[in-house]
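> give the three-dimensional model of this entry:
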Amino acid sequence: MAEPAKSTPINLFSQKREETVDDVTRALPHAVGPEKSLLSTMLQDPQEYIGKAIEERLTAAHFYLPNHSTLFGFLTELFEAGHQVELVSLVQRLLDRGLLEKCGGPGYLTELYTYAPSPGHFHHHLQHVKDKFILRSIIRSSNEAVAMAYEAPDEVPELLDSVERSILAIRESAEVAQAATMKQTVEEVFRNFQMLISKEKAALGLSTGFEVLDKKSGGLKPGEMFVVAARPSMGKTSFMMNIVENVCLDQGKACMVFSCEMSSVQLVQRLLFARAKFAVSKLSRGYTPVKQDIMRVQNAVKEIIDSKLFIDDTAGISINELRAKARRKKRDEDIQFIAIDYLQLLKSRTKQAENSREREIAEISGGIKALAKELNIPILILAQLNRGPEGRTGKSLGIPRMSDLRESGAIEQDADLVGLLYRSKYYAENDEERAALEGKAELVLAKNRNGETGGIPLTFVEELMRFETGPPAEEPE
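Residues are numbered from 1 along each chain as shown. I've put the predicted structure just below:
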């Protein structure tokens, strides 16, 4: 009797995945006809259409066929060098450079030249070519993301940031910014000049609400990083929220606040009562609000509800998470200003930052500056000072310096503006001196990449947690 056939054990891990037809034969998205149309039109009228293609940021990478890509690259090279572009000399130049066969040979060039599409279809065909390039870019980025996900499974936050950046880069490369004409540029400069003369606009960027600061800095300009640093209890958060109030409520701009220390409820409470100019601390002392108090608070409530203020109070947020959230808010709500409280509470989860606090701070600081440039908006970030001010004596006691910034090297380098905030009252030695310094504050503009530095006198209204421009008013004797 024959023995039953032995079954062969199946090793699941050694089985090769059966490739589908799509895996082998499916080509990347392309539009060969429109590519030929573009090149034909450029060959027939090079001065007009090669220039238009360059203006529309068409590059050799947009072409799917290698011979089309090589030919376009050579055409733009000739155009930018000011050489004549016509078929006979073009063939000779390609032959001299050893590129003729790479462009398909003389026969293919003749075919392109006689393809003769209607020039009126140029922009329509150009959009076809761009759209296919975008689809190919998405596929390549997705494939790279898949590969990185397998190769670097431990670097999840960095991978997520990298994938998001690559997708956003595709969008940015697809958008063609129309350059302003000289007339438009000069008119804008002259309008700013007129407003500065008439004192209608002390700042060319977003106004901070502090007149002297605006004059020195020119306002909060797109792409700039403004660091406001101080010792604890100096009012950093209050100063930040005063600027947020001015930008968001007074100027009507969409703002995003990242608060690593205080909850959104605490921040909104500060903003609400500072806006209403109502000292909520009086309630604990038995004060009963009058009708005017209630009305001011109600008006402030309505203003804040109607504003485009967004607060994220995620504790221990990483720089990559922050950037991802900021990008989405810029895309969805077109935010014009970001405030962050505060730098040393942010995290960087790269392996390089694990064993070096200075490296971590450098990555965070560089990431904030890069985000400001990427989104083209100003970013205000608070930072903590070390104990240097307390260690000084005499008239220098408490006065901060830029070197007091914790892990200051990268922050000093990345920041466009550095303001050091302090209140003399904090260092008073007795009640009499403390009373004399009541409300006195100063922001020392220690770095200003595009303007003057120096001290900016301020008044701190403690019961309202609010800073105001200028020194405290002298009380009559």
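> quick one, what contacts the spatially closest residue to Glu333 that is not a sequence neighbour?
If the residues on either side of it in the chain are set aside, Glu333 comes closest to Ala254, at 5.0 Å by Cβ to Cβ, 6 or more residues apart in numbering. In this view, the C-beta of every residue, glycine as well, is placed from N, C-alpha and C. The contact partners of Ala254, by Cβ atoms under 8 Å, 6 or more residues apart in numbering, come to Cys248, Lys308, Leu309, Phe310, Lys329, Glu333, Asp334, Ile335, Gln336, Phe337.
> redo that, cut-off 10 Å
Counting by Cβ atoms under 10 Å, 6 or more residues apart in numbering, Ala254 touches 247-248, 307-310, 329-330, 332-337, 377.
> those in strands, which ones?
Cross-referencing these with the strands (criterion: DSSP state E) gives Leu309, Phe310, Phe337 as the overlap.
> make CSV out of those and add neighbour count.
CSV is the format used below for the ones in strands among the contacts of Ala254 (neighbours: other Cβ atoms under 10 Å):
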residue, neighbour count
Leu309, 23
Phe310, 19
Phe337, 23
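> which one of the residues you listed is nearest His83?
Distances from His83 to the ones in strands among the contacts of Ala254, taken as Cβ to Cβ, are shortest for Phe337 (48.1 Å).
> ok now stretch 86-98, how far from the chain's centre?
Its chain's average C-alpha position is 45 Å from that of stretch 86-98, according to Cα atoms, centre = their mean, to the nearest Å.
> check stretch 66-79 too.
Averaging C-alpha coordinates over stretch 66-79 and over its chain gives two centres that are 34 Å apart (Cα atoms, centre = their mean).
> also stretch 38-48?
Relative to the mean C-alpha coordinate of its chain, stretch 38-48 is positioned 38 Å out (Cα atoms, centre = their mean).
> contact partners for the closest residue to Thr114 other than its chain neighbours?
Using Cβ to Cβ, 6+ apart and skipping the chain neighbours, the partner closest in space to Thr114 is Ser40 (7.9 Å). Ser40 is in contact with Tyr49, Glu111, Leu112, Tyr113, Thr114, Tyr115, Ala116, Pro117, Pro119, Phe122, His125, counting by Cβ under 10 Å, 6+ apart.
> rerun that using 7 Å as the cut-off
Taking Cβ atoms under 7 Å, 6 or more residues apart in numbering as the contact definition, Ser40 lies against Leu112, Tyr113, Tyr115, Ala116, Pro117.
> got it, and Ser281?
Applying Cβ under 7 Å, 6+ apart, one finds that Ser281 lies in contact with Glu463.
> A strand includes it, no?
No. When the secondary structure is assigned by DSSP: H, G, I helix; E, B strand; the rest coil, Ser281 falls in helix instead of a strand.
> can you tell me how far it sits from Asn242?
According to Cβ to Cβ, to the nearest Å, Ser281 and Asn242 sit 18 Å apart.
> in ChimeraX, select just the buried ones from the contacts of Ala254.
Applying 16 or more other Cβ atoms under 10 Å to the contacts of Ala254 leaves a buried subset, and the ChimeraX line that selects it is:
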select :247,248,307,308,309,310,329,330,335,336,337,377
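> what is the nearest of the contacts of Ala254 to Lys347?
Closest approach to Lys347 among those (Cβ to Cβ): Lys329, at 19.8 Å.
> that closest one reaches Phe310, doesn't it?
Yes. Proximity of Lys329 to Phe310 meets the contact threshold set by Cβ atoms under 7 Å, at 6.0 Å.
> shared neighbours, those two?
Listed as contacting both Lys329 and Phe310 by Cβ under 7 Å, 6+ apart are Met256.
> next, the buried residues of whichever helix in the chain runs longest.
For the chain, the helix with the greatest residue count under DSSP state H is helix 122-151. In terms of neighbour count (16+ other Cβ under 10 Å), helix 122-151 has its buried residues at 122, 125-126, 128-130, 132-134, 136-137, 141, 145.
> how far off centre is whichever helix or strand comes after it?
Once the chain leaves helix 122-151, the next helix or strand it forms, by DSSP states H and E, is helix 156-174. For helix 156-174, the distance between its averaged C-alpha position and the chain's averaged C-alpha position is 13 Å (Cα atoms, centre = their mean).
> what's the answer for stretch 356-363, then?
Taking the mean of its C-alpha atoms, stretch 356-363 sits 20 Å from the chain's own mean (Cα atoms, centre = their mean).
> could you say which helix or strand holds the residue nearest to Val280 when sequence neighbours are not counted?
Excluding its sequence neighbours, the residue lying closest to Val280 (Cβ to Cβ, 6+ apart) is Phe273, at 4.8 Å. According to DSSP H and E, Phe273 maps onto helix 264-276.
> which helices and strands sit right next to that helix?
Here helix 264-276 touches helix 236-244, helix 291-306, going by 3 or more Cβ pairs under 7 Å, 6 or more residues apart in numbering; DSSP states H and E.
> so where's the stretch 101-250 of the chain shaky on pLDDT?
Judged against pLDDT under 70, the low-scoring parts of the stretch 101-250 of the chain cover residues 154, 172-204.
> try it again with 50
177, 179, 200-203 (pLDDT under 50).
> TSV for the buried residues of helix 122-151, including distance to Gly366?
TSV is the format used below for those (distance: Cβ to Cβ, whole Å):
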residue	distance to Gly366
Phe122	42
His125	42
Leu126	37
His128	39
Val129	36
Lys130	32
Lys132	36
Phe133	31
Ile134	29
Arg136	31
Ser137	26
Ser141	23
Ala145	23
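> which of the residues you listed sits closest to Arg387?
For Arg387, the closest of the buried residues of helix 122-151 turns out to be Ala145, at 45.2 Å, with distances computed as Cβ to Cβ.
> need the contact list for the closest one.
Contact criterion Cβ under 7 Å, 6+ apart gives Val163 as the residues in contact with Ala145.
> also the one 4 residues further on?
The neighbourhood of Ala149, defined by Cβ under 7 Å, 6+ apart, consists of Leu159.
> quick one: the strands in the stretch 301-450 of the chain?
When assigned using DSSP state E, counting those that start in this stretch, the strands of the stretch 301-450 of the chain occupy the ranges 309-312, 337-341, 379-384, 417-422, 440-448.
> just give the number of residues close to Lys277.
Using other Cβ atoms under 10 Å as the criterion, Lys277 is surrounded by 14 other residues.
> quick one on the thing from earlier: mind pulling up the pLDDT for the residue nearest to Val280?
Turning to Phe273, the model gives it a pLDDT of 86.
> distance of it relative to Val297?
In this structure, Phe273 and Val297 are 7 Å apart, going by Cβ to Cβ.
> which residues sit against stretch 296-315?
So stretch 296-315 is contacted by 248-249, 254-260, 263-264, 267-268, 271-272, 275-278, 325, 329, 333 (Cβ under 7 Å, 6+ apart).
> using PDB, list the CA coordinates for stretch 224-236.
Only the C-alpha atoms of stretch 224-236 are listed here, as PDB (Å, rounded to 0.1, in the frame of the first residue of the first chain):
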ATOM      1  CA  GLU A 224      10.900  87.500  11.400                       C
ATOM      2  CA  MET A 225      11.400  85.800  14.700                       C
ATOM      3  CA  PHE A 226      11.000  88.100  17.800                       C
ATOM      4  CA  VAL A 227      12.300  86.700  21.100                       C
ATOM      5  CA  VAL A 228      11.100  88.300  24.300                       C
ATOM      6  CA  ALA A 229      13.100  87.000  27.200                       C
ATOM      7  CA  ALA A 230      12.900  87.600  31.000                       C
ATOM      8  CA  ARG A 231      13.200  86.100  34.400                       C
ATOM      9  CA  PRO A 232      10.200  84.400  36.000                       C
ATOM     10  CA  SER A 233       7.300  86.700  37.200                       C
ATOM     11  CA  MET A 234       8.400  89.700  35.000                       C
ATOM     12  CA  GLY A 235       5.200  89.500  32.900                       C
ATOM     13  CA  LYS A 236       6.400  87.800  29.700                       C
END
